[in-house]
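Visitor: Sequence and predicted structure below; questions after.
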Amino acid sequence: RDWSSDVCSSDLASKTVGGLFVFHHANFGLAGPDGTIDASSRIPAHEVGRNADIFDPKVGRLLKAGSVVSFFDNHLHANGRVTKSHLELGFTFHPKGYTPELEYRSVAFGTTEVDLRPNEANQRIDAYTVLQENGKILNFEPHMHATATRMCVEAIWGGRIETLNCVGYNHNWVRNYQYADEAAPLLPKGTILHAIGYFDTTPANRLVFEPRNWTGWGNRSVDNMIVNLAYMTPLTDAQLHEAVVQRRAAIRARSEEHTSELQSRFGISYAVF
């Protein structure tokens, strides 16, 4: 939770992006008793105004006795006035003796090849990654900066391209879009994930500080970035096959239910394949 107790929207000294939520981002992980942080121990990042994560009840991660939370990359954004703020991090534990069935891990990706020309709308930047294992994608979380207006992500596999998400972007309020379990993409190893970001550096974008400036990759909100902060649960071949079978059965059941409703209401009849 991001608390900025002495800042409210009607009392901002700064009208630029970041005026309300002084935490631009906070990255953290679990350091073991020996003080080391394994990449798999990273916790989903907190960022500007971001909503909470909700995980599958079957997901769990071991927190060893003596471990500590390590904040290894944090960024506070100036808002034009003296501000007190703090960040709270909480955990929910499984019952003692419970053995989690699933893990989660980051499949975040982006590119540092960001080259945005001044005073130009509809500029596009692309980023790619290849899944190294089967998985169920849990969320879609665009992280861009002030000049960004939109991001889409698509999956490419076996000659097929399918759009997974397209959303508008406003850096005053970053959103973590979490899939409903019955809609979470089930993707095989080797799938290419493709993020497409759109940017507007003209005065029409009210979050642009200076439309005459070129901007590239950078951590500040007035610089630019394109990252999809996605997570997934890895699946074995057998688990992926079972998940696909269950998904197809659920889709067929919904189709048959819809067909039955049309027949009862309108007398329409057609086959479901």
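Guide: Cool, the structure landed.
Visitor: Quickly note the distance from Q263 to L235.
Guide: Applying CB to CB, to the nearest Å, the value for Q263 to L235 is 37 Å. Quick note: C-beta positions are derived from backbone N, CA and C, even for glycine.
Visitor: One more: V107?
Guide: V107 is 13 Å from L235, where distance means CB to CB.
Visitor: joint contacts of these two?
Guide: Common neighbours of V107 and L235 (criterion: CB atoms under 8 Å, 6 or more residues apart in numbering): G135.
Visitor: More neighbours: Q263 and L235, which one.
Guide: Each of Q263 and L235 has its neighbours counted (other CB atoms under 10 Å); L235 has more, 21 against 12.
Visitor: give the contact list for the more buried one.
Guide: Contact analysis of L235 by CB under 8 Å, 6+ apart lists 133-136, 186, 243.
Visitor: Nearest residue to the residue nearest to the spatial centre of the chain in space, please, no chain neighbours.
Guide: Centroid-nearest residue in the chain: E141, 1.9 Å away (criterion: CA atoms, centre = their mean). Counting by CB to CB, 6 or more residues apart in numbering, E141 lies nearest to L229, which is 4.1 Å off, once chain neighbours are set aside.
Visitor: Please verify my assumption that the one you found contacts A45.
Guide: Yes. With contact defined as CB atoms under 8 Å, L229 and A45 form a contacting pair (6.2 Å).
Visitor: give the contact list for D56.
Guide: Per CB under 8 Å, 6+ apart, neighbours of D56: 102, 138, 181, 233.
Visitor: Including secondary structure, neighbour count and pLDDT, could those go into TSV?
Guide: Shown next, in TSV, are these (DSSP: H, G, I helix; E, B strand; the rest coil; neighbours: other CB atoms under 10 Å; pLDDT from 0 to 100):
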residue	secondary structure	neighbour count	pLDDT
L102	strand	15	84
L138	coil	25	93
D181	helix	11	89
T233	strand	21	92
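Visitor: farthest pair in those?
Guide: Across the contacts of D56, no pair lies farther apart than L102 and D181, at 11.6 Å, counting by CB to CB.
Visitor: got the contacts of L235 as TSV, with neighbour count columns?
Guide: Below are the contacts of L235 laid out as TSV (neighbours: other CB atoms under 10 Å):
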residue	neighbour count
E133	16
N134	22
G135	25
K136	22
L186	18
A243	16
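Visitor: need the strands for the stretch 1-150 of the chain, in chain order.
Guide: 2-3, 23-31, 37-47, 68-76, 86-87, 105-106, 109-110, 115-116, 123-130, 135-137, 139-140, 142-143, 148-157 (DSSP state E, counting those that start in this stretch).
Visitor: most tightly surrounded among those strands?
Guide: Among the strands of the stretch 1-150 of the chain, the stretch with the highest mean neighbour count (mean count of other CB atoms under 10 Å) is strand 142-143, at a mean of 25.
Visitor: What is it packed up against?
Guide: Other helices and strands packing on strand 142-143, by 3 or more CB pairs under 8 Å, 6 or more residues apart in numbering; DSSP states H and E, are strand 227-228.
Visitor: Which elements pack onto the strand it packs on?
Guide: For strand 227-228, the packing partners by 3+ CB pairs under 8 Å, 6+ apart are strand 109-110, strand 142-143, strand 192-199.
Visitor: okay, those in TSV with distance to R61 and mean pLDDT next?
Guide: Converted to TSV, the helices and strands packed on strand 227-228 look like this (distance: least, CB to CB, whole Å; pLDDT from 0 to 100):
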stretch	distance to R61	mean pLDDT
strand 109-110	21	96
strand 142-143	22	95
strand 192-199	23	98
